[in-house]
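# next input, structure requested:
(4 chains)
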Number of protein chains: 2
Amino acid sequence: MNDGDEGTGHTARSKRADARRNEKTLLDAAAAIFVTSGVEAPVRDIAAKAGVGTATIYRHFPTRADLIIAVYRHQVEACAEAGPALLATSATPHAALGRWINLFVDFLVTKHGLAAVLRSDDAGFDALHAYFLDRLVPVCAQLLEAAARSGEIRSGLEAYELMRGVGNLCIGADRDPRYDARRLVELLIAGLRRPH
Amino acid sequence: MNDGDEGTGHTARSKRADARRNEKTLLDAAAAIFVTSGVEAPVRDIAAKAGVGTATIYRHFPTRADLIIAVYRHQVEACAEAGPALLATSATPHAALGRWINLFVDFLVTKHGLAAVLRSDDAGFDALHAYFLDRLVPVCAQLLEAAARSGEIRSGLEAYELMRGVGNLCIGADRDPRYDARRLVELLIAGLRRPH
DNA sequence: GAACAAACGGAACGATGTCCCGTTTGACGA
DNA sequence: TCGTCAAACGGGACATCGTTCCGTTTGTTC
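Numbers count the residues shown, from 1 in each chain, chains lettered A, B, ... in the order given. Model prediction:
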């Protein structure tokens, strides 16, 4: 899709062939580097891997956040789309919420250092932060709301807060065998249950 | 205490007066800078505030972790010592645990960016990491164990893991009014309760 | 007050993110 | 096919920051 025109209605000219080729090459190189060196790998490394100059990266992806978003867009979309599906197929809304959060956690902990840059307290990743929030918070809110309506959980926790908390819990979950983010997230979700 | 000799038995000469003065000046300057710019403020800023050269900082505090430890040592000690006291004066071990965790959270969220460097996934803060763990994990373990013995909580969660999780939840708790780390930590502690 | 080691200050070095500018190259009309 | 030109490129330049080195200053001691 979107292989040429912009959606503005004007007939915007196609990008040059080499530019499109480089964008693809950069995405592949970045994905490979992210796996081996994490999402905070030096820009020069990615440029070298792709065989382009550093300026070319900035031309295609003005901030590192844009590059990260582009690399992981498919998986984030898949996670977002899994929300309603889980809600439809799970026994209870709380079960759906738990399973969906599990998907999210699995995604985060397998992406070297991604959770660490998702934390909002460092500037420069605003676009990444905004993308994750725009895409996933509404899904989480839908699940939370359903679980609240069913009476399974206490209300009063915003989806935004839960997502941030889960993201934070996943920081450093790789590299440390003594730290199991999944278990702590499970405890957090368990703590959501309404005490009866 | 320790205003001169080392404890080795040798008669180690006192440090020079200017060195001792500079160490104090540096601690004050660092504390002030940490409040305004966070614990990751540039070394040059701290040196400038103290009116010394950058090398002087490294001479007194080989790594940034050592400086941070020195600045906050008193408060960490106080937190550690509060553990047994709370256990003795609280109604139940679980209540003591909750109150102690609250102390820890209050400490973290009021120290600009401290929680962010406590996360283990970045190297270079090993000493800081080790200090917090050495000093606080045993206290937390004592509280956890008492609560487990009383049957209030599920067992199986290591104190280390809980401390790391709480620390992670506190990352970025300042700067973001929509994110309340205390509430999430409370949920986590609530999730620890044994379902009956 | 002279000698010596401790301590100092700031320049120097390396790594990294970011930007600039001279050069190359793909697209399109003649 | 070939000339033109803007898009795209590459790599060097600049700024920031952590860290180290080295010539100089200063406290201490005899």
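
# what residues sit buried inside the helix or strand where A:Arg21 lies?
In this structure, A:Arg21 sits in helix A:17-37 according to DSSP states H and E. Neighbour counts using 16 or more other CB atoms under 10 Å in any protein chain shown place A:Asn22, A:Glu23, A:Thr25, A:Leu26, A:Leu27, A:Ala29, A:Ala30, A:Ile33, A:Phe34 of helix A:17-37 among the buried residues. All C-beta atoms are positioned from the backbone trio N, CA, C, and that covers glycine.

# now the residues you listed in a markdown table, with pLDDT?
Below are the buried residues of helix A:17-37 laid out as a markdown table (pLDDT from 0 to 100):
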| residue | pLDDT |
| --- | --- |
| A:Asn22 | 97 |
| A:Glu23 | 97 |
| A:Thr25 | 97 |
| A:Leu26 | 98 |
| A:Leu27 | 98 |
| A:Ala29 | 98 |
| A:Ala30 | 98 |
| A:Ile33 | 98 |
| A:Phe34 | 98 |
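
# closest one of the residues you listed to DNA strand D?
A:Asn22 (3.3 Å; CB to the nearest atom of the strand).

# I figured that closest one hits A:Ala50, correct?
Yes - between A:Asn22 and A:Ala50 there is a contact under CB atoms under 8 Å: 7.4 Å.

# quick one: the helix or strand just after the helix holding A:Arg21 to helix A:17-37, angle?
Next along the chain after helix A:17-37, taking DSSP H and E as the criterion, comes helix A:43-50. Relative orientation of helix A:43-50 versus helix A:17-37 (axes from the mean of the first three to the mean of the last three CA atoms, to 10 degrees): 120 degrees.

# list the helices and strands helix A:43-50 packs on?
Applying 3 or more CB pairs under 8 Å, 6 or more residues apart in numbering or on different chains; DSSP states H and E, we find helix A:43-50 packed against helix A:17-37, helix A:54-60.

# where in chain A is the helix or strand with the lowest mean pLDDT?
One helix or strand of chain A scores below all others by mean pLDDT, DSSP states H and E: helix A:114-118, with a mean of 94.

# which residues sit against it?
The contact list for helix A:114-118 (CB atoms under 8 Å, 6 or more residues apart in numbering or on different chains) reads A:39-40, A:68, A:72, A:108-109, A:125, A:128-129, A:132, A:167-168, A:170-173, B:119, B:121-122.

# change it to 6 Å
Helix A:114-118 is touched from outside by A:Val39, A:Leu108, A:Phe125, A:Gly167, A:Cys170, A:Ile171, with contacts defined as CB atoms under 6 Å, 6 or more residues apart in numbering or on different chains.

# then stretch A:173-187?
Residues contacting stretch A:173-187 (CB under 6 Å, 6+ apart): A:105, A:109, A:166, A:169-170, B:120-121, B:160-161, B:164-165, B:188, B:191.

# thinking again about what came up before, let's have the helices and strands packed on helix A:43-50 in TSV, adding distance to A:Ala91.
As requested, the helices and strands packed on helix A:43-50 are exported to TSV (distance: least, CB to CB, whole Å):
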stretch	distance to A:Ala91
helix A:17-37	36
helix A:54-60	45
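
# now stretch A:149-160 - C-alpha only, PDB.
The C-alpha trace of stretch A:149-160 is given here as PDB (Å, rounded to 0.1, in the frame of the first residue of the first chain):
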ATOM      1  CA  ARG A 149     -18.100  -3.900  33.700                       C
ATOM      2  CA  SER A 150     -18.100  -7.600  34.500                       C
ATOM      3  CA  GLY A 151     -17.200  -6.700  38.000                       C
ATOM      4  CA  GLU A 152     -14.000  -8.800  38.000                       C
ATOM      5  CA  ILE A 153     -11.600  -5.900  38.700                       C
ATOM      6  CA  ARG A 154     -11.400  -2.700  40.700                       C
ATOM      7  CA  SER A 155     -12.000   0.300  38.600                       C
ATOM      8  CA  GLY A 156     -10.100   3.500  38.700                       C
ATOM      9  CA  LEU A 157      -6.900   2.400  36.900                       C
ATOM     10  CA  GLU A 158      -6.400   4.200  33.600                       C
ATOM     11  CA  ALA A 159      -5.200   2.100  30.700                       C
ATOM     12  CA  TYR A 160      -2.400   4.600  30.200                       C
END
